[in-house]
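Student: I would like the atomic coordinates for the input below:
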Amino acid sequence: MRSMAVLAFAAGVSAEVFFKETFDGSYADRWTVSGKSDLGEFKHTAGEFFGDEEANKGLQTSQDAKFYAISAPIPTPVDNKDKPMIVSFQLKDAQGIDCGGGYVKVLREPFAGKDFNGDSAYWMMFGPDICGSAKKIHLILNYKGENLLWKKEPRPVDDRLTHVYTAIINTDGTYEMQIDGEKKESGKLDEDWAFLKPKEIDDPADKKPGDWTDDAQMDDPEDSKPADWGNEPETIPDPEAEQPEDWDVEDDGAWEAPQIPNPKFQGEWKAKRIENPAYKGVWSPARIANPDYVEDAALHVSAEKIAAVGIDLWQVKAGSIFDNIIISDSIEEVNAFVAATWGKTKDAEKAAFDKAEEAKKAAAAEAAKAEEKEGVEEGEKEDEE
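Tutor: From the prediction side, this is the model:
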């Protein structure tokens, strides 16, 4: 049985699920299409292949070269100051995406579904973005009004099956990103995003001394240019060239052999290079404490309460299916949800995909065979005529 979406409850002592969406038949009661004009239409479908048609229904982009914008509120907006936040969703690029986004946004207050657009305030934007050879996973976090790009650019899974993308933001300033339950990236927020100004900067008052020597090597003062250097020209007449027999001096002028590179030409003379005894290394200014640096132990916290989930993206080639979104402070709750959804149908989906691909190959082979037969028959007919 598909669970009621957007459900918040206590699991164990403190675990909470703030948002859960399986896109059952009542999903439209919770999700609002943006009032923005000329948006692409979402379809409620499991696509052409699936493990369980009813359980695998999600929101599928259906029109090429369109923007999409749809969102659903979190029943009770979340203050994540003292809570880890786990955001997980399932994505199937059933079309074999060539250029487009596949990410979700975790939105902040104030929030209004009809007003949702690309400029709406969010705390997190997370998921794949593919366009040609550029393939990466976004994990963008908002800090003091600025959307900070992730310094890492891991690659998403690029096939036509469903995959699970999970982001974990911990209260101790660490994070982890998983694909299909497997850790792909992890680290510290202050190292992998530009949340804070650097702790140290170059001392603007420190200047390079005038006698500082930057050159590791120097010309050898004992090396001198040979007396006969440069006596040879760069090119010489080709000694093997001969005047053509039909050369007419009166009509063609005096014959001259073509020029070729002179093997004796020495080029520009340069003194031999030796180590510079005065070399002091590459100069750099002294480092001092940055007066603009301010420590912040709450980098993980959203500036305003987390209020909604949105899908806001552009796709050149439509067909991606979003399904089974969950936000919780418990990785155990998220893992249980993933096991009950993706885990139960992934093998059957793969089998259905393989069967569909085999059918396509067989149909293509049959069509090629029929085309070849038709060509032979037309050739025989022409021969008879």
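Student: And the helices in the stretch 51-200 of the chain?
Tutor: Under the criterion DSSP state H, counting those that start in this stretch, the stretch 51-200 of the chain contains helices at 189-192.
Student: Distance from the chain centre to stretch 214-228, please.
Tutor: Relative to the chain's own centre, stretch 214-228 is displaced by 51 Å; criterion: C-alpha atoms, centre = their mean, to the nearest Å.
Student: gap between the two ends of it?
Tutor: Terminal residues of stretch 214-228 are spaced 34 Å apart (C-alpha to C-alpha, to the nearest Å).
Student: before we move on, what about stretch 168-178?
Tutor: End-to-end distance (C-alpha to C-alpha), stretch 168-178: 8 Å.
Student: list the helices and strands the longest strand along the chain packs on?
Tutor: Ranked by residue count under DSSP state E, the longest strand found in the chain is strand 66-78. Other helices and strands packing on strand 66-78, by 3 or more C-beta pairs under 8 Å, 6 or more residues apart in numbering; DSSP states H and E, are strand 15-21, strand 32-33, strand 306-315. Backbone N, C-alpha and C define where each C-beta goes, glycine included.
Student: Buried residues in it, which are they?
Tutor: 66-74, 77-78 (16 or more other C-beta atoms under 10 Å).
Student: Could you do stretch 121-138 as well?
Tutor: Of all the residues in stretch 121-138, those buried under the rule 16+ other C-beta under 10 Å are 121-130, 135, 137-138.
Student: What mean pLDDT does it get?
Tutor: The predicted model gives stretch 121-138 an average pLDDT of 95.
Student: Which one of the buried residues of stretch 121-138 is nearest to A257?
Tutor: Comparing these against A257 with C-beta to C-beta picks out K135 as the nearest, at 59.9 Å.
Student: Now for that closest one: which residues touch it?
Tutor: By C-beta atoms under 8 Å, 6 or more residues apart in numbering, K135 lies in contact with 128-129, 155-156, 158.
Student: any idea how far the residue lying closest to D215 once chain neighbours are set aside lies from Q217?
Tutor: Counting by C-beta to C-beta, 6 or more residues apart in numbering, N276 is the residue found nearest to D215 once chain neighbours are left out, at 5.4 Å. To Q217, N276 is 6 Å away according to C-beta to C-beta, to the nearest Å.
Student: neighbour count winner among the two?
Tutor: N276 (14 against 11; other C-beta atoms under 10 Å).
Student: I'd like the distance from the longest strand of the chain to the chain centre, please.
Tutor: Distance, centroid of strand 66-78 to centroid of chain: 23 Å (C-alpha atoms, centre = their mean).
Student: and the angle from that strand to strand 306-315?
Tutor: On the basis of axes from the mean of the first three to the mean of the last three C-alpha atoms, to 10 degrees, strand 66-78 is oriented at 170 degrees to strand 306-315.
Student: circling back to that earlier point, quick one, what contacts the residue nearest to D215?
Tutor: 213, 215-218.
Student: Could you check how far it is from C131?
Tutor: Here the criterion is C-beta to C-beta. By it, N276 lies 49 Å from C131.
Student: same deal with G267?
Tutor: G267 is 49 Å from C131, where distance means C-beta to C-beta.
Student: Also N80?
Tutor: 31 Å.
Student: and what of D220?
Tutor: 55 Å.
Student: hang on, the earlier thing: and the buried residues of stretch 121-138 as TSV, adding distance to V316?
Tutor: TSV is the format used below for the buried residues of stretch 121-138 (distance: C-beta to C-beta, whole Å):
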residue	distance to V316
A121	27
Y122	23
W123	28
M124	25
M125	19
F126	21
G127	17
P128	14
D129	12
I130	10
K135	14
I137	19
H138	17
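Student: quick one: which two of the residues you listed are the most distant?
Tutor: Across the buried residues of stretch 121-138, the longest distance by C-beta to C-beta is 27.5 Å; it joins A121 and K135.
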